[in-house]
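Enquirer: give me coordinates for this.
(one chain, ligands or ions: 1)
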Amino acid sequence: MSTYKEIKKVTTHTLQEMKLRGEKISMLTAYDYSMAKIFDAAKIDVLLVGDSASNVMHGHETTLPITLDEMISHAASVIRAVDRSLVVVDLPFGSYQGNSKEALNSAIRIMKEAEAHAVKLEGGLEVVESIKRILTAGIPVMGHLGLTPQSIYKFGTYEVRAKEEAEADRLLNDARLLEEAGCFSIVLEKIPSKLAKQVGEMIKIPVIGIGAGPDVDGQVLVSHDMLGINKDFSPKFLRRYLSLYDVIKEAVEQYISDVKSVDFPNEKEQY
Ligand code: KIV
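Expert: Numbering: from 1, shown residues only. Model prediction:
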């Protein structure tokens, strides 16, 4: 028997209520119809059409190359699969930085063409104007602080962020600014657990962590990582629930062998 409250459709308000009653929020990335259908049936609270699609779906080394058109295509497939989950879509690199009008136009395209429920973007002070402008159109915005992969060439590494006091102070200030600007939630990526706890206690909107410890309002993982579709990405924060790479490879090897030996198709598998 489930101990959590039955929710028909998750909205940004549902997440706020969950924070208030101390119920943790579950979030996973999804990029296509079939996976999203399974995750929604499992009752995941939030599906993130992350720009990590650039890595796990398109094979790029970073999240920078994925385009707005590609993100919209992924998001539209996810939306078609979902009955219950809140679907948040990443604004890709180059679609919102430094120009709040372009940010608004990009967010409108995602909402209109994919029929998404909310958008997410990376950064603090430098994107506050864009966030405010997107909100004027009634589009809910999720923030993203800490390790922000779209800035990888500025950071130089994917190491833990905000370990030093100056960067931690900047992050606390950014979290406050994002809340004041009107974000409905913030993702904190790869920062010390103590700092994430401080942010979660300081702001009233839900804080979702990835590599940010247990003392936040929810957790997000990249689905390809937690299902073990990727074998070569093993950060300390990742819990792998399956080794799908091996499961799929073994199934395909068996299929190849069955085809070659004419074991497949058998008498029942033909007309
Ligand atoms: O794109 C993504 O998958 C993300 C998560 C890591 C939060 O932004």
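
Enquirer: where does pLDDT dip in the stretch 101-250 of the chain?
Expert: Scanning the stretch 101-250 of the chain for pLDDT under 70 picks out nothing.

Enquirer: any idea how far T12 lies from R109?
Expert: 20 Å (Cβ to Cβ, to the nearest Å). Glycine gets a C-beta too; all of them are placed from N, C-alpha and C.

Enquirer: cool, V207 as well?
Expert: From V207 over to R109 (counting by Cβ to Cβ), the distance is 28 Å.

Enquirer: so which bits of stretch 61-76 are buried?
Expert: Within stretch 61-76, the residues that count as buried by 16 or more other Cβ atoms under 10 Å are 63-66, 68, 70-76.

Enquirer: now stretch 158-177
Expert: Judged by neighbour count using 16+ other Cβ under 10 Å, the buried positions of stretch 158-177 are 160-162, 168, 171-172, 174-175, 177.

Enquirer: just stretch 206-216 next, same as before
Expert: 206-213, 216.

Enquirer: now do stretch 108-125
Expert: Of all the residues in stretch 108-125, those buried under the rule 16+ other Cβ under 10 Å are 109-111, 114, 116-124.

Enquirer: and the ligand, is it touching that?
Expert: No - Stretch 108-125 lies out of reach of the ligand by Cβ under 6 Å from any ligand atom, never closer than 6.7 Å.

Enquirer: closest to the ligand among the buried residues of stretch 108-125?
Expert: Using Cβ to the nearest ligand atom, K120 is the member of those that lies nearest the ligand, at 6.7 Å.

Enquirer: quick one, phi/psi of that closest one?
Expert: The phi and psi values for K120, taken as degrees, to the nearest 10, are phi -130, psi 140.

Enquirer: now the one 3 residues further on
Expert: Backbone torsions for G123, taken as degrees, to the nearest 10, come to phi 120, psi 170.

Enquirer: got a list of what it touches?
Expert: For G123, the contact set (Cβ atoms under 8 Å, 6 or more residues apart in numbering) comprises 97, 143-145, 148, 151, 174.

Enquirer: my guess is N230 meets L238, correct?
Expert: No - in this structure N230 lies outside contact range of L238 using Cβ atoms under 8 Å: 9.5 Å.
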